[in-house]
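Peer 1: I'd like to go over a predicted model; first the sequence, then the structure.
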Amino acid sequence: MILPQDSLYAKTHEWTRLEGEEAVIGITAFAQEQLGDITYVDLPGVGTQLEQDSEMGSIESVKAASELYSPVSGAVIAVNDALADKPELINEDPFGQGWLLRVKLAAQPTGLMDATSYAAHVETLAH
């Protein structure tokens, strides 16, 4: 499993990459593999206030629908509009072009895992 070392991970399989006062959010490669072919993503609009660990939208695939949880608290400043027409970008490039949101941080996130800890977490789910 490929995990960017510059990202932090939530137990609910969202990742966040901190960039100064902002965070980029997406779902992990593990999550998109479990979901299968992604067909739709429902994301909050620009200006929406997110609270860490609270629901921020949903994602649907040919296999299942799942809630998305925010790994950070702050205001949404950008949404990946490309996902409206091409939700499969999440399957193709979950840590790159398949990003979901960009958030202006209200506070530094706490309780997230580094890549090594997240890999160990995923390993426990496989057994």
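Peer 2: Sure thing, it's come through. Note that the structure is predicted; figures quoted are calculated from it, not measured. Numbers count the residues shown, from 1 in each chain.

Peer 1: rest of the way, CA atoms for contacts and neighbours
Peer 2: Fine.

Peer 1: what pLDDT does Leu125 get?
Peer 2: The predicted structure scores Leu125 at 87 on the pLDDT scale.

Peer 1: same deal with Leu50?
Peer 2: As predicted, Leu50 sits at a pLDDT of 98.

Peer 1: contacts only, for it.
Peer 2: The contact partners of Leu50, taken as C-alpha atoms under 8 Å, 6 or more residues apart in numbering, are 56, 70, 72-76.

Peer 1: for Gln5, same thing?
Peer 2: Taking C-alpha under 8 Å, 6+ apart as the contact definition, Gln5 lies against 114-115.

Peer 1: switch to 6 Å and redo it
Peer 2: With contacts taken as C-alpha atoms under 6 Å, 6 or more residues apart in numbering, Gln5 has the following neighbours: Ala115.

Peer 1: in what helix or strand does it lie?
Peer 2: Counting by DSSP states H and E, there is no helix or strand that carries Gln5.
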